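# the sequence and its predicted three-dimensional model are supplied below.
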Amino acid sequence: MSKSSHSLSALPSQTIAPLERLGLRLRAHRINRAWTVAEMAKRLLCSPNTLRALESGKPGTSIGLLAHALWLFGEIDSLDGVALAPAGLAAKRRVRRSAAQGAAGVIAEGERDF
């Protein structure tokens, strides 16, 4: 078993249940359009097994695949309602780094612990 599958299997049920409900809603959209698993997988450019994983709410399924499925169903704007920014936080506010922090992506000498 891969390292990532260990961490995904340890997710709390509070995260698994909403993913499963989302998968069921995606499946309902597919069935409403009378698309088979094979037809939907072809539209998503994935395998039927990957589509089944998405519709089952498997946590390791790509968020990009989810976004593509929502787009196919005309529901892509629903992503804008996920994890809304806190009301007090300006959406376009930039976080400024102090000169003492150094450039982004550069590890300072004191941060090297190996």
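That came through fine.
# mind giving me the packing neighbours of the helix or strand hosting Trp71?
Under the criterion of DSSP states H and E, Trp71 resides in helix 63-72. Secondary-structure packing of helix 63-72 (3 or more Cβ pairs under 8 Å, 6 or more residues apart in numbering; DSSP states H and E): helix 13-32, helix 37-44, helix 48-56. (C-beta placed from N, C-alpha, C; glycine too.)
# nearest to Ala87, of those?
helix 13-32 (22.6 Å; Cβ to Cβ).
# burial measure for Lys42, as a count.
14 (other Cβ atoms under 10 Å).
# do the same with the one 4 residues further on
For Cys46, the number of neighbouring residues by other Cβ under 10 Å comes to 18.
# now it. Its backbone dihedrals?
With angles defined as degrees, to the nearest 10, Cys46 sits at phi -140, psi 180.
# what's the closest residue to it other than its chain neighbours in contact with, if anything?
Distances taken as Cβ to Cβ, 6 or more residues apart in numbering place Leu65 nearest to Cys46, at 6.1 Å, with adjacent residues excluded. Taking Cβ atoms under 8 Å, 6 or more residues apart in numbering, we find Leu65 in contact with Leu44, Cys46, Thr50, Leu54.
# likewise Ala38?
Ala38 touches Pro48, counting by Cβ under 8 Å, 6+ apart.
# next: Ala53.
Shown in contact with Ala53 (Cβ under 8 Å, 6+ apart): Gly60, Thr61.
# any idea how far it lies from Ala83?
In this view, Ala53 and Ala83 are 22 Å apart by Cβ to Cβ, to the nearest Å.
# please apply the same query to Leu72.
Between Leu72 and Ala83 the computed distance is 22 Å (Cβ to Cβ).
# these two - which one has more neighbours?
Each of Leu72 and Ala83 has its neighbours counted (other Cβ under 10 Å); Leu72 has more, 17 against 6.
# contacting residues around that one?
By Cβ under 8 Å, 6+ apart, the contact set of Leu72 is Met40, Arg43, Leu44.
# just the buried residues from those, in ChimeraX please.
Those of the contacts of Leu72 that count as buried under 16 or more other Cβ atoms under 10 Å are selected in ChimeraX with:
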select :40,44
